[in-house]
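Novice: sequence unavailable; structure follows:
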């Protein structure tokens, strides 16, 4: 469970651990916006959402895309296989790594075990499989706050 941290302007920034959130409260750099009912951490209510007291400029987010990650691919595809829409559990490279395919947003999709085994080290066309999704670079909110 992570604690969502909002900027002073109520824009989502990132998620932090519960202990980090409590440290932010102790240092008085954030205030609690939403709590877990009936749960406490010492004298503090367990926060679900914090808001920073001062505005933080988010230059790091503008001008660049989110870094590729397996977790990000899973979130982008909503946990569904790109070939059959069953629950997916592996990241599949459209152009296989063995053929020089990169690990990036536009060359990877989520696949279930049977589809990944069927495709092996071939392209979808060579394996006679059709992609049901178009790989894309997701926006920050799609991979950062879930």
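Specialist: The structure has been received and is ready for your questions. Owing to the predicted nature of the structure, the values given are computational and were not obtained by experimental measurement. Residues are numbered from 1 along each chain as shown.
Novice: dump the residue contacts of residue 85.
Specialist: By C-beta atoms under 8 Å, 6 or more residues apart in numbering, the residues touching residue 85 are residue 132. Glycine gets a C-beta too; all of them are placed from N, C-alpha and C.
Novice: leaving out the residues flanking it, which one is nearest to residue 24?
Specialist: residue 30 (4.2 Å; C-beta to C-beta, 6 or more residues apart in numbering).
Novice: what's the spacing between the residue located most distally from the centre of the chain and residue 122?
Specialist: Computed with C-alpha atoms, centre = their mean, the residue of the chain farthest from its C-alpha average is residue 43, at 31.7 Å. Noted for residue 43: a distance of 59 Å to residue 122, by C-beta to C-beta, to the nearest Å.
Novice: with residue 85 instead?
Specialist: 21 Å.
Novice: try residue 14
Specialist: Counting by C-beta to C-beta - residue 14 and residue 122 are separated by 38 Å.
Novice: got it, and residue 24?
Specialist: Per C-beta to C-beta, residue 24 is found 49 Å from residue 122.
Novice: repeat for residue 131
Specialist: Distance check for residue 131 against residue 122: by C-beta to C-beta, it reads 13 Å.
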